[in-house]
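**Student:** how would this look folded up:
(chains A and B)
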Amino acid sequence: MRRGDPAPHFFGEPMFLSLELLYEAVIFGILLGCFYAAVSIGLSVAFGLLDVPHVAHPAVMVFGAYCTWQLSSLGMDPILAGLALMPPFFLLGMALYRFYYEAFERRGSDAGVRGIAFFFGVALIIEVGLVLLFGVDQRTVEASYVGSSVSFGEMRIPQRFLVACGVALVLMATLTLYLSKTFTGRAIKAVAQDEPALRLMGADPVRIKQWAFGIATAVAALAGALLIIIGPVEPTLDRVYIGRTFSVVVLAGLGSMTGTIAAGLILGISESIVLMLFGASWAPAVSFGLLLLVLGVRPQGLFGR
Amino acid sequence: MTNVWRIWFSAAALAAAGLAALPVLAQQPIKVGMSMPQTGTLGAGGKAALVALRMWVEDVNAKGGLLGRKVELIAYDDQTNPALTPAIYTKLLDVDKVDLLIAPYGTVPTAPIMPLVKQRGLLLMGNFSFQVNHTVKHDMWFNNAPWNDAASWFTGYFEAGQKAGVKTIAFLAADQEFAQNLANGAKELAKKGGLKTVYEQNYPPATTDFSSLIRAIRAAKPDAVFVASYPNDSVAIVRAVNEIGVGADVKIFGGGMVGLQFTPIMTSLGSLLNGVVNYNSYVPGMNYPGIEEFLQRYAKKAAEEKVDPLGFYLPPFNYAIGQMLEQAVNATKSLDHKKLADYLRKNEMKTIVGPIRYGPEGEWANARVVQAQFRGVADKDMEQFRKAGKQVVLYPDAYKTGEFIAPFEKARK
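**Tutor:** Numbers count the residues shown, from 1 in each chain, chains lettered A, B, ... in the order given. The predicted structure follows:
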């Protein structure tokens, strides 16, 4: 049979999923889910809390991955590189939001639609910029935890996923604590709920939003480091993650940090099982399937009010 | 001056100008056009191939060119993106007005230009595509790769597996033209050979993590795993196999993994390659008149241009494209594509990769795909690949340098 001939099965040959394989798929799905939560958490702040349609978030993340690669090629550990990139990305995020605010948000009610166009433009500029700077070749990093695995009986888990999962959990715990325990964190949550009330309290909502967008962008830099640890990156990789990140944020309930973890896990486990059962070609469809399901059945998301 | 005289004077001036221009026209170079993946997944191979083609251009120009005219190579980067190649070839034909065409390296970038060249009735020298002309049936296509059908590729792998007692097989293939052509052919042959397929999976070309797929293969417990992949995927698959393991049952792994022939990739993967049985076009120890001298000259150029330092896989075969064009143009004393194609179809070509005679679909009449097993490969050592021994040739028998070691896990030690 050659390409173009009818396929023998619509989904390919469905695979028999043994209990052992299911167990492995779930474990791997949990690790993948933590990673998905980490790459979505910046968007959860920008889109979930601030209502900014930041479709360029995955592109910023890929930019962070390339910066990590650049620092890593100088001998820096990728995780440390990701942490080192957070302050400059924080400033970059603040500047980006200020431009968005001045050009769109303060001008009127159709800011959302025009904002989407703006952020698509930003994503495209980042993609093209990366192609011009680094070419279209894939980039990878080297580290002791990349390429090795940890054995649990018969099961072997790649260390890169364990490291990414660990960093993701620490990142999410830190951000959750920051948003609930600090004055600025609570102000960020407040600006999402009642902006006029915050203004009456004497706080400047625009500065709070600018600060929060800076945090979202700094988190994207660290997520970019995780991205290049998990696998090779190339300039258009952001397109793969637009669906996944938005799906996680909507599934979580806009702005919910706990929900982001839960939604990441649901997506990770679902993808892992679908991949085992029906094949790799169907795995990317899971995120959009979940997104449609949530929008149809529970538009406020799992943890939304 | 009367009007009649004016007319005669003008005509004489024009004729003089025309005569003066004739030598200039004669000196117009013969343009050879192509797109080449210089970035993207096939970029590492493409850049090396381009060095070889430029070497041929230098050599042929040093001999006075073709038909008394210098040869000029026009090559654009197609980024291994099949969406770009039709526009590039249209530009080459309609704007650059090239005289001769060479296909880009690889099946995926080549496939979209096949209808264009067939429609315009143009000669196209193929560049390591696999069965890209099988359905198009263009009679002016001539591939430089040492294979023809899936059997030419799969037989060596299959024979080695059978000797090790393989009864079941798993297939892992990229969802793109090359890998699907190869995997589908291999599946037919496996079925005919009595192998039971226990797992088959296509993956999207953008896949970067293969952990789950390797885990699923391990659970299926196949005796053989046939992989048809492009360079980025091949690297990720080899790494995932190292992380996850494919299980003790697997006797033979590999077959159609593009990229494991590129020196930078082989050096980067190092010992992770051990045990893998994979196809190749040339390994040290295979001798043809002129190839050693070519590889020595190539090594110097490659060092200057920082591309594949050994260049065993593609460069000699790309130089051979130039040699075939040279032979055909000199013999026919023409740039007419029909005459050139007719010559290529009927005559044996003398090249540094050995004599080539073409079969009915413009593929080699006598295929020569090598299946070799990586053995004793050390980490971070490029020089080790320069000599014979690190890729033990299992097939064809004429070039065999050792016996197949199975199971896969044993050969990795």
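**Student:** For the closest residue to A:Ala190 other than its chain neighbours, give me its contacts.
**Tutor:** Leaving aside its chain neighbours, A:Ala190 sits nearest to A:Leu198 (4.9 Å; criterion: CB to CB, 6 or more residues apart in numbering or on different chains). Placement of C-beta: from N, CA and C, glycine included. Counting by CB atoms under 8 Å, 6 or more residues apart in numbering or on different chains, A:Leu198 touches A:187, A:190-191, A:205, A:208.
**Student:** Give me the distance between A:Leu198 and chain B.
**Tutor:** Per CB to the nearest CB, to the nearest Å, A:Leu198 is found 42 Å from chain B.
**Student:** what's the answer for A:Gly33, then?
**Tutor:** 13 Å.
**Student:** about what we covered before: for the residue nearest to A:Ala190, report the pLDDT, please.
**Tutor:** Turning to A:Leu198, the model gives it a pLDDT of 78.
**Student:** next one: the one 3 residues further on
**Tutor:** Confidence per residue is given as pLDDT, and for A:Met201 that number is 78.
**Student:** Ok, the one 4 residues further on next?
**Tutor:** A:Pro205 is assigned a predicted lDDT (pLDDT) of 88.
**Student:** okay, now it: neighbour count?
**Tutor:** Neighbourhood size, A:Pro205 [other CB atoms under 10 Å in any protein chain shown]: 18.
**Student:** ok, it touching A:Val191?
**Tutor:** Yes. The criterion here is CB atoms under 8 Å, and A:Pro205 meets it with A:Val191 at 4.9 Å.
**Student:** just to revisit the earlier point, are any of the contacts of A:Leu198 buried, and if so which?
**Tutor:** A:187, A:190-191, A:205, A:208 (16 or more other CB atoms under 10 Å in any protein chain shown).
**Student:** show me the contacts for the closest residue to A:Met201 other than its chain neighbours.
**Tutor:** Closest residue to A:Met201 apart from its sequence neighbours, by CB to CB, 6+ apart: A:Ala190 at 8.0 Å. Residues near A:Ala190 by CB under 8 Å, 6+ apart: A:197-198, A:201, A:203, A:208.
**Student:** for A:Ser287, same thing?
**Tutor:** A:Ser287 neighbours (CB under 8 Å, 6+ apart): A:243-244, A:247-248, A:267, A:271.
**Student:** Quickly find the element holding it.
**Tutor:** Using DSSP states H and E, A:Ser287 maps to helix A:285-297.
**Student:** With secondary structure and distance to A:Ala218 added, can I get the contacts of A:Leu198 in CSV?
**Tutor:** Converted to CSV, those look like this (DSSP: H, G, I helix; E, B strand; the rest coil; distance: CB to CB, whole Å):
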residue, secondary structure, distance to A:Ala218
A:Ala187, helix, 17
A:Ala190, helix, 21
A:Val191, helix, 18
A:Pro205, helix, 20
A:Ile208, helix, 16
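**Student:** okay if I get those residues as a markdown table plus distance to B:Asp96?
**Tutor:** Formatted as a markdown table, the contacts of A:Leu198 follow (distance: CB to CB, whole Å):
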| residue | distance to B:Asp96 |
| --- | --- |
| A:Ala187 | 62 |
| A:Ala190 | 63 |
| A:Val191 | 58 |
| A:Pro205 | 58 |
| A:Ile208 | 58 |
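**Student:** For the helix holding A:Ser287, buried residues please.
**Tutor:** Across helix A:285-297, burial judged by 16+ other CB under 10 Å covers A:286-287, A:290-291, A:294.
**Student:** Quick check: A:Thr140 touching A:Ile229?
**Tutor:** No. With contact defined as CB under 8 Å, A:Thr140 does not count as touching A:Ile229 (9.3 Å).
**Student:** Report pLDDT for the residue nearest to A:Met201.
**Tutor:** pLDDT, A:Ala190: 87.
**Student:** do B:Ala21 as well
**Tutor:** 48.
**Student:** A:Thr140 now?
**Tutor:** At A:Thr140, the model reports a pLDDT of 88.
**Student:** do the same with A:Leu19
**Tutor:** 80.
**Student:** returning to what we had before: how close does the residue nearest to A:Met201 sit to chain B?
**Tutor:** In terms of CB to the nearest CB, A:Ala190 sits 39 Å off from chain B.
**Student:** Kindly report the same for A:Ser73.
**Tutor:** Per CB to the nearest CB, A:Ser73 is found 14 Å from chain B.
**Student:** what secondary structure does the residue nearest to A:Ala190 sit in?
**Tutor:** Under DSSP: H, G, I helix; E, B strand; the rest coil, A:Leu198 falls in the helix class.
**Student:** who touches B:Leu182 in this structure?
**Tutor:** Contacts of B:Leu182 by CB under 8 Å, 6+ apart are B:130-131, B:150, B:153, B:173, B:228, B:256.
**Student:** circling back to that earlier point, what residues are shared contacts of A:Thr140 and A:Ile229?
**Tutor:** Contacts common to A:Thr140 and A:Ile229, judged by CB under 8 Å, 6+ apart, are A:Val146.
**Student:** Domains in chain B, by residue range?
**Tutor:** Domain assignment for chain B by automatic domain parsing gives B:26-148+B:288-346, B:150-285+B:370-411.
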